[in-house]
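Participant: need the 3D shape of this:
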Amino acid sequence: MTDPCRVLIDAILASWAKQRDYAARLTADLSDADMTHQPVPGVVMNHPAWVFSHLSLYPPTLCAILRGGREGEFPDPIRSPYGKDSRPVADAAAYKPKRELLAAYFDGHDELARVLGQTDPAVLARPIPLARWTQRFPLVADALVHLMLDHEAGHLGQVSAWRRAGGRAAV
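Facilitator: Below you'll find the model as predicted:
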């Protein structure tokens, strides 16, 4: 008999892999200068440098949680300059160059896929160990599903909208 939790983990990982591919296609034709470009005068959009800096915060935290880490033993994404309440800036020096930024994003993405793939499904039913997340994400599964699927997909959609606003082709 197939473990329903393992089926769910496999489904999350399949979507995660598709999002990884989408991220690669969204950024394939961008230069370093493009990464912080604002295509609509007077409108600040979440440009690719900010989006990928922001998204790169979550895999290390989720990996640590899946490995049984406790609060204080792993980075809290809110403490980053690219955390929840941050805003994109036009200064390219505020971000890593495209190559480094995307390498960090893809490395974190791949590591989280590996760790989740090896995780005992019972871990998903544990209480989330980050106090400020407990109301929104009571269980590890709640945080994983939101951050790996909804949160990342929403931000990748922002990069897609940014591309279109700048006259680039859809991918």
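
Participant: and stretch 71-80, what's buried?
Facilitator: By 16 or more other C-beta atoms under 10 Å, the buried positions in stretch 71-80 come out as 74, 77. (Glycine included, C-beta is placed from N, CA and C.)

Participant: can you list contacts of that stretch?
Facilitator: Stretch 71-80 is contacted by residues 57-58, 60-61, 64-65, 83-86, 129-132 when judged by C-beta atoms under 8 Å, 6 or more residues apart in numbering.

Participant: switch to 6 Å and redo it
Facilitator: Stretch 71-80 has contacts (C-beta atoms under 6 Å, 6 or more residues apart in numbering) with 57-58, 60-61, 64, 83-84, 129-131.

Participant: so which of those residues sits lowest on pLDDT?
Facilitator: Across the set of the contacts of stretch 71-80, K84 stands lowest in pLDDT, at 92.

Participant: for that one, give me its contacts.
Facilitator: I78.

Participant: which of the contacts of stretch 71-80 count as buried?
Facilitator: 57-58, 60-61, 64, 129-130.

Participant: need the max-distance pair from the residues you listed.
Facilitator: L57 and P129 (16.5 Å; C-beta to C-beta).

Participant: who's in contact with the residue nearest to the spatial centre of the chain?
Facilitator: Nearest residue to the geometric centre of the chain (C-alpha atoms, centre = their mean): L55, 3.0 Å. Contact partners of L55, counting by C-beta under 6 Å, 6+ apart, are 152, 155.

Participant: look up how far R20 lies from it.
Facilitator: 11 Å (C-beta to C-beta, to the nearest Å).

Participant: one more: L149?
Facilitator: Taking C-beta to C-beta, one finds L149 at 12 Å from R20.

Participant: A92 too?
Facilitator: From A92 to R20 the distance is 24 Å (C-beta to C-beta).

Participant: spatially nearest residue to A33 (excluding sequence neighbours)?
Facilitator: A92 (7.2 Å; C-beta to C-beta, 6 or more residues apart in numbering).

Participant: hmm, that neighbour is touching D34, no?
Facilitator: No. Taking C-beta atoms under 6 Å as the definition, A92 is not a contact partner of D34, at 10.1 Å.
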